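Enquirer: coords please:
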Amino acid sequence: MAAKDDAALQKQAEEQGEVVRKIKEAIKADPNSYSKDDLNKAVALLKELKAKADDPMNALEDPIIKGKYELVRSVGEECVTDGELAMLLSKKPDSFVLYDGFEPSGRMHIAQGVFKAMNVNKCTRGGGTFIFWVADWFALMNDKMGGDLHKIKVVGKYLVEVWKATGMDMDKVKFIWSSDEITNNAAAYWTQALDVARRTTVARVKKCCQIMGRLENKLTAAQILYPLMQCTDIFFLKADICQLGVDQRKVNMLAREYCDSAGIKNKPIILSHHMLYGLKKGQEKMSKSDPDSAIFMEDTPEDVQRKINNAYCPSKPEEEEGKAEAAAGEAEGELDAGLESMHLSHDALKNPCLDYVQHIIFSVPDATFEAGGKKYASFTEVEADFLAGALTEEGLKAALITAVNLLLDPVRKHFSTDDNAKAILAQVMEWKRENLVPDKSLKRLAVTDGSKAVWAVFAPPASPELSLGSLVSVLKQLEAAPADSEVVLWCGDWSSFALNRCGGDHKVIRACYDLLVVALKATAPALMARVKVLVQSEQILVDPSLYWISVINVGRTFQLQKIRDVDESNEYAGQVVASLMHVGDVLALAPTVICCSPADKKLHEMAVSYYGECGITEIATPTVNEAEAVDSLLKPPHMLEGPVNADDNVFILDGTMDVGRKMKRAFCEPANIEHCPPITLANAVAFRAGASIAISRKPENGGDKEYTSVAEMEGDFKSGALHPGDLKPCVTKAVDAFIQQVRDVCKSDAAAKKAEADVKAYLKKVAASNKKK
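Expert: Residues are numbered from 1 along each chain as shown. From the prediction side, this is the model:
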């Protein structure tokens, strides 16, 4: 039926489009044939027909789809968007996927138990498969159950047993354990997380921190990671619908915004359920840390009675206490984000007892509620009688106590009669009494064995334009290592991806590092024979869980602002993640010395400070050694204003003609040794390595001369004994010979040739894109 109606609307729109076309042609032939008003009316009708034809809610013309829609939609206080939900159900009526996640932390309140079970049943009856993302890995990360993954999994199984007893239909429910999935699919999960980070600004992620109940201006760096990871979960699980609470709305909206950036057509639909009030006055939601703020699934009848009898239960709105204080706090930017936007609709009463009646008691299909000697078939009736005084507070609470206990009785019975459930509960309760203490020893990935002092050099972030200066700077850092040390070159490919280097293209990033290593080996083979090259992603994947726990622990220690201070000009969350990963990398390498250029010193010093802040004793605190960077720019700083010009620098992929052209244009003012790029390059490619540079000239111009040091060349140039016209040709020859070593390897070695081709293809693509702009 819906398909026929859609087709009819489409046909009407097409016919009206033909009418508009003919009117325009007639007006073109004879301006008086139709009035402007006639044309406007025809166009307006066309737009109206197109809008109707394209309306996704047309799918609800099918009664089966409409029934499914109404059932699933009833779960949410809000749906983003209704049209998308209707279209999803029309396209995947019995195969759509919903997800929610939970951390096995030991207790389950009644909203997570009864309310969730009823909502899940509605969704599965509507044709969906419901996935529960069991966040046991995150519980491990948060040191729950003493940081013991086995114990955490048992708690997760306990919660599953609670849902079974509550009446959740398990036929179309899947429980996926994050510890298994993230470990077994680490590359897919973490590169997805890094992709979200590189496309999302820090300011945007901070808005999501409501999911942790944190103040946005008092965040640790780890609190930026959590929303990114939750967003990742959605895509990792291939969820069509995010069926979480209203308190998770902001991070779910982040997932939709990410789709815009990543070019993902089908955005996850957000179906946000109501958040129950805490039982005490002023509690916007229940809290597991306050046992009297909610009914828990393991509560005894006496617990239920005490909590509900003590619950806040107004029959008319009261002035909120502390309103002035809250307003003041908000003005100062200190409003608890966890209390913001918990509820989408205005509720002046905020009565938790009525909230329980509406969302717990009447969440059960065909439920009735007996109170004050009257049987109610709907919440509206209960609310009306309570507000009118026909139902007293005592009568409401007494009936609610009875109704809640009836819902909890099957759970109590299950854990007293089912042997498996009984054993799980006994084990969990025993662990609760043990006061479990997590292991506080240093958690890190170990990529060196500690048999030698490690001299660590971190390759610069991947760049398709590897300059001669960058290459020689890395060489200098490696050359500075003592003979008896283990020299390691760390290539941070995933960090480069997080920083959006090379447009976030993994293949190009890897090719950039391959080309760097090729160039290092071609120009300094003896040195590179003793250098161990480690690629970040390959090392992480040896034990991804341990690595990322170490990274997140760093984030918990450092305030966000400390991480931002490293490079606040980068507004994206990828900067935060890459900086935290850098500390994880340093911990993994356990170096004695980190040798770096001045530009990177701040990042390394931040990493070293972590040792002191955490009191790390398991590995020695590294020293940061600074090696002077080599600048291969061909102009002095004051001449570099304006657009970047490729001819302003010498690159490893430059051909002989490129080198000649660039060197001919290079700044080389007579007697100026403060800014003389040719002399700088002569030192980089020759003098630094003990080679000499020979100058050929006529006897009347001073004759031939061989220079063996930069000081000697600078002296002659400053005095005028060496002219720019004589200096440039010999340095050009030396630079080209240096780069030729790399070209030769790229010609003879298949892997090097492929890396070169991948980088050049990317540069060509970027150039074409820039030309279009």
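
Enquirer: ok, the residue nearest to residue 240 when sequence neighbours are not counted - contacts?
Expert: Excluding its sequence neighbours, the residue lying closest to residue 240 (CB to CB, 6 or more residues apart in numbering) is residue 96, at 4.5 Å. For every residue, glycine as well, the C-beta is placed using N, CA and C. By CB atoms under 8 Å, 6 or more residues apart in numbering, the contact set of residue 96 is 88-89, 127-129, 240-241.

Enquirer: where along the stretch 51-200 of the chain do the helices fall?
Expert: Taking DSSP state H, counting those that start in this stretch, the helices of the stretch 51-200 of the chain run over residues 63-73, 82-91, 110, 116-125, 136-141, 149-166, 178-184, 186-199.

Enquirer: reformat the ones you listed as TSV; add mean neighbour count and mean pLDDT.
Expert: Shown next, in TSV, are these (neighbours: other CB atoms under 10 Å; pLDDT from 0 to 100):
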stretch	mean neighbour count	mean pLDDT
helix 63-73	18	95
helix 82-91	21	95
helix 110	23	93
helix 116-125	22	96
helix 136-141	24	86
helix 149-166	21	93
helix 178-184	18	94
helix 186-199	21	98
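
Enquirer: let's have these in JSON lines, adding distance to residue 612.
Expert: Output for the helices of the stretch 51-200 of the chain, formatted as JSON lines (distance: least, CB to CB, whole Å):
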{"stretch": "helix 63-73", "distance to residue 612": "53"}
{"stretch": "helix 82-91", "distance to residue 612": "51"}
{"stretch": "helix 110", "distance to residue 612": "46"}
{"stretch": "helix 116-125", "distance to residue 612": "45"}
{"stretch": "helix 136-141", "distance to residue 612": "23"}
{"stretch": "helix 149-166", "distance to residue 612": "30"}
{"stretch": "helix 178-184", "distance to residue 612": "31"}
{"stretch": "helix 186-199", "distance to residue 612": "27"}
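
Enquirer: for residue 721, find the nearest of those helices.
Expert: helix 186-199 (52.8 Å; CB to CB).

Enquirer: who touches whichever helix or strand comes after the closest one?
Expert: Moving toward the C-terminus from helix 186-199, the first helix or strand encountered (DSSP states H and E) is helix 202-206. By CB under 8 Å, 6+ apart, the list of residues contacting helix 202-206 from outside reads 216, 219, 224, 227-228, 254, 257, 560, 564, 571-573, 575-576.

Enquirer: which of the residues you listed sits closest to residue 140?
Expert: For these, the nearest to residue 140 is residue 228 (18.4 Å; CB to CB).

Enquirer: show me the contacts for the closest one.
Expert: Contacts of residue 228 by CB under 8 Å, 6+ apart are 193, 196-197, 200, 205, 573, 577.

Enquirer: separation between it and residue 283?
Expert: 29 Å (CB to CB, to the nearest Å).

Enquirer: quick revisit: closest to residue 306 out of the helices of the stretch 51-200 of the chain?
Expert: Among those, helix 110 sits nearest to residue 306 (CB to CB), with 14.8 Å.

Enquirer: which strands and helices lie in contact with that closest one?
Expert: Secondary-structure packing of helix 110 (3 or more CB pairs under 8 Å, 6 or more residues apart in numbering; DSSP states H and E): helix 393-417.

Enquirer: could you list the buried residues of the helix it packs on?
Expert: 393, 395-405, 407-408, 411-412, 414-415 (16 or more other CB atoms under 10 Å).

Enquirer: hang on, the earlier thing: min pLDDT across the contacts of helix 202-206, which one?
Expert: pLDDT across those is lowest for residue 216, at 50.

Enquirer: which residue sits closest to residue 465, ignoring its sequence neighbours?
Expert: According to CB to CB, 6+ apart, the nearest residue to residue 465 is residue 651 (5.3 Å).

Enquirer: I misspoke; the intended subject was residue 193.
Expert: Going by CB to CB, 6+ apart, residue 193 has residue 232 as its nearest residue, at 4.2 Å.

Enquirer: could you pull out the strands for the stretch 351-500 of the chain?
Expert: For the stretch 351-500 of the chain, the strands defined by DSSP state E, counting those that start in this stretch occupy 369-371, 374-376, 454-458, 486-491.

Enquirer: could you say which of those is packed most deeply?
Expert: Highest mean neighbour count among those (mean count of other CB atoms under 10 Å): strand 454-458, with a mean of 26.

Enquirer: that one packs against which elements?
Expert: helix 468-479, strand 486-491, helix 573-589, strand 593-596.

Enquirer: okay, those in TSV with distance to residue 499 next?
Expert: Below are those laid out as TSV (distance: least, CB to CB, whole Å):
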stretch	distance to residue 499
helix 468-479	16
strand 486-491	14
helix 573-589	5
strand 593-596	17
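
Enquirer: which of the helices and strands in this structure ranks last by mean pLDDT?
Expert: helix 323-331 (a mean of 43; mean pLDDT, DSSP states H and E).

Enquirer: what's the closest of the helices and strands packed on strand 454-458 to residue 446?
Expert: Of these, nearest to residue 446 by CB to CB is helix 573-589, at 6.5 Å.

Enquirer: so how far is stretch 434-441 from its chain's centroid?
Expert: Put simply, stretch 434-441 sits 30 Å off its chain's centre (CA atoms, centre = their mean, to the nearest Å).

Enquirer: show me what that stretch is in contact with.
Expert: By CB under 8 Å, 6+ apart, stretch 434-441 touches 143, 145-148, 151, 618.

Enquirer: now with 7 Å?
Expert: 143, 145-147, 618 (CB atoms under 7 Å, 6 or more residues apart in numbering).

Enquirer: which helix is the longest one in this protein?
Expert: helix 2-29 (DSSP state H).

Enquirer: okay, and the most centrally placed residue in the chain sits in which element?
Expert: The centre of the chain sits closest to residue 228, judged by CA atoms, centre = their mean, with a distance of 3.1 Å. Here residue 228, judged by DSSP H and E, is contained in helix 222-236.

Enquirer: that helix versus helix 186-199: what angle between them?
Expert: Using axes from the mean of the first three to the mean of the last three CA atoms, to 10 degrees, the inter-axis angle of helix 222-236 relative to helix 186-199 is 120 degrees.

Enquirer: what is the helix or strand that helix 222-236 is followed by packed up against?
Expert: Note on helix 222-236: by DSSP H and E, the next helix or strand toward the C-terminus is strand 241-242. Strand 241-242 sits against strand 269-272, with contacts defined as 3 or more CB pairs under 7 Å, 6 or more residues apart in numbering; DSSP states H and E.

Enquirer: name the residues that touch the strand it packs on?
Expert: With CB under 7 Å, 6+ apart as the criterion, strand 269-272 contacts 75-80, 84-85, 88, 240-246, 249, 252-253.

Enquirer: filter those residues down to the buried ones.
Expert: Counted by 16+ other CB under 10 Å, the contacts of strand 269-272 give 75-77, 79-80, 84-85, 88, 240-246, 249, 252-253 as buried.

Enquirer: once you drop chain neighbours, what's closest to residue 727?
Expert: residue 678 (5.3 Å).

Enquirer: same check, this time on residue 554
Expert: Residue 554 sits nearest to residue 583 (CB to CB, 6+ apart), 4.4 Å away.

Enquirer: from residue 189, how far out is that neighbour?
Expert: For residue 583 relative to residue 189 (CB to CB), the value is 21 Å.

Enquirer: tell me where the model's unsure across the chain.
Expert: By pLDDT under 70, the low-scoring segments of the chain are 1-6, 53, 210-217, 288, 319-341, 638, 640-644, 773.

Enquirer: perfect, I'm done here.
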